[in-house]
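> Turn this into a model:
(one chain, ligands or ions: 1)
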Amino acid sequence: MKVLVYGGTGSQGNAIVARLLSQGHEPTILTRSPEKAAEWATQGVKVAVGDMGDVASLEQASQGMDAIALTITFVLPDLETAYSYGRNAIDAAKKAGVRLIVYNTSGPVLTAPIGNVGYDVRRLVIDHLKASGVDYIVVKPTTYLENLLGPWTRQGIIENDVLAYPVQENRSIGWIATADLAALTVAALEHPELAPLEVVISGEANLTGPQLAERISKGLGRTIRYEAMPLDVFGATLDSMFGHGASEGVLPGYRLLRDHPEQVTHWTDMRLVLRKLPVEMTSVEAWAEQFASLFAPQPVTQGEV
Ligand SMILES: NC(=O)c1ccc[n+]([C@@H]2O[C@H](COP(=O)([O-])OP(=O)(O)OC[C@H]3O[C@@H](n4cnc5c(N)ncnc54)[C@H](OP(=O)(O)O)[C@@H]3O)[C@@H](O)[C@H]2O)c1
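As a prediction, the model looks like this:
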């Protein structure tokens with residue numbers, strides 16, 4: 001299968017490219033900056049230069065593709081731009097006669113807008129897909145385990161054996177590994193007969209904060225404790241890392257989970273999903289073991305107290 005991968009140089013798309021390759025398919029990475037895909041190019045992955053704001057470049061990249069793996073980055077300037085990215089990708093696929101689009105929404109799809117670009121664009125893109133006439137499958141992941149690799153959480157595990165995350169202790173989440181999002185996306189690409197389909201995907205276990213910490217502890221082989229990080233502390237860290245105001249793109253989702261958890265689907269019974277999209281899921285313990293070196297306490301160097 002020839003598959004054009006949007007966001008293939010990003011954290012989610014990168015995993016999709018890897019999975020496509022391991023399943024014997026032919027991914028092409030769509031990027032504005034081919035140097036970001038140079039490593040993949042050495043492994044034989046094709047690279048198409050294009051910008052989601054430039055429909056002509058997407059039409060060219062979509063020529064000859066069997067399918068599209070569509071991911072729209074969370075970091076977006078405004079809703080109209082974000083929506084145009086999705087529209088352009090879908091319209092280009094249609095014009096090129098591509099038979100299937102698998103759209104990874106990157107997170108939960110809400111029933112009503114909340115005034116946040118990253119969240120609100122998802123429903124608009126799904127509606128455009130539905131109206132496009134192109135076969136589609138939408139995968140709606142929950143929260144990635146890889147979010148724990150962000151310095152706001154990772155540093156606390158390394159230094160204090162504390163897993164701090166901006167979610168209350170008693171809120172349950174079906175944390176999913178990005179590799180599983182990729183495996184499920186590729187399984188969807190391999191099953192065009194399932195279209196049209198919208199499916200929530202999550203980790204198999206629905207875990208409170210302390211339960212998550214317990215499983216991470218097992219994977220790392222040492223005891224880690226959970227701590228709910230106040231949203232303002234999380235926001236201040238994001239602002240200091242990515243610039244003032246950066247947190248406003250991210251915090252509304254966490255506020256919603258805190259104040260209206262009933263509006264956000266954060267777990268699904270994967271036994272039902274895996275009947276349609278059969279893949280082997282990664283347990284939280286196995287994920288932690290895989291990334292253990294990134295959570296290891298730093299050795300004290302000579303001369304340090
Ligand atoms: N549910 C969740 O928990 C969740 C959801 C989303 C993200 N995250 C986290 O957020 C982080 C970022 O992940 P990510 O994969 O969304 O994004 P990312 O790693 O920041 O990558 C962004 C991707 O979007 C592409 N892109 C942006 N604007 C484009 C344009 N105008 N035209 C074409 N391509 C464009 C970039 O391509 P080029 O720059 O190469 O052109 C790049 O491939 C990760 O750490 C992830 O774990 C978590």
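> do you know how far the residue in the stretch 151-300 of the chain that the ligand sits nearest to is from residue 165?
Residue of the stretch 151-300 of the chain nearest the ligand, by C-beta to the nearest ligand atom: residue 178 (6.1 Å). For the C-beta atoms, the positions are set from N, CA and C on the backbone; glycine is no exception. For residue 178, the distance to residue 165 equals 16 Å [C-beta to C-beta, to the nearest Å].
> okay, the two: which has more neighbours?
Remark: of residue 178 and residue 165, residue 165 carries more neighbours, 25 against 22, as counted by other C-beta atoms under 10 Å.
> could you list every residue that touches residue 267?
Listed by C-beta atoms under 8 Å, 6 or more residues apart in numbering, the contact set of residue 267 reads 142, 172, 173, 174, 202, 203, 206.
> Tell me the one of those nearest residue 249?
Comparing the contacts of residue 267 against residue 249 with C-beta to C-beta places residue 142 closest, at 18.1 Å.
> What degree of burial does the closest one show, as a neighbour count?
21.
> Verify the stated contact: the residue of the stretch 151-300 of the chain closest to the ligand with residue 16.
No: taking contacts as C-beta atoms under 8 Å, residue 178 lies outside contact range of residue 16: 9.1 Å.
> what about the stretch 101-250 of the chain, any weak spots by pLDDT?
Within the stretch 101-250 of the chain, not a single segment meets pLDDT under 70.
> which bits of it sit near the ligand?
Residues of the stretch 101-250 of the chain lying close to the ligand (C-beta under 6 Å from any ligand atom) are 106, 107, 141, 143, 144, 146, 147.
> Surely the third one and residue 104 touch.
Same thing as residue 141. Yes: using C-beta under 8 Å, residue 141 makes contact with residue 104 at a distance of 6.8 Å.
> Most neighbours of all the contacts of residue 267, which one?
Neighbour counts for these, by other C-beta under 10 Å, peak at residue 203, which reaches 28 neighbours.
> count of neighbours near residue 293?
6.
> Could you measure from it over to residue 154?
12 Å.
> circling back: can the residues of the stretch 101-250 of the chain next to the ligand go into a markdown table with extra columns for neighbour count?
What follows is those, written out as a markdown table (neighbours: other C-beta atoms under 10 Å):
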| residue | neighbour count |
| --- | --- |
| 106 | 22 |
| 107 | 18 |
| 141 | 23 |
| 143 | 23 |
| 144 | 21 |
| 146 | 18 |
| 147 | 15 |
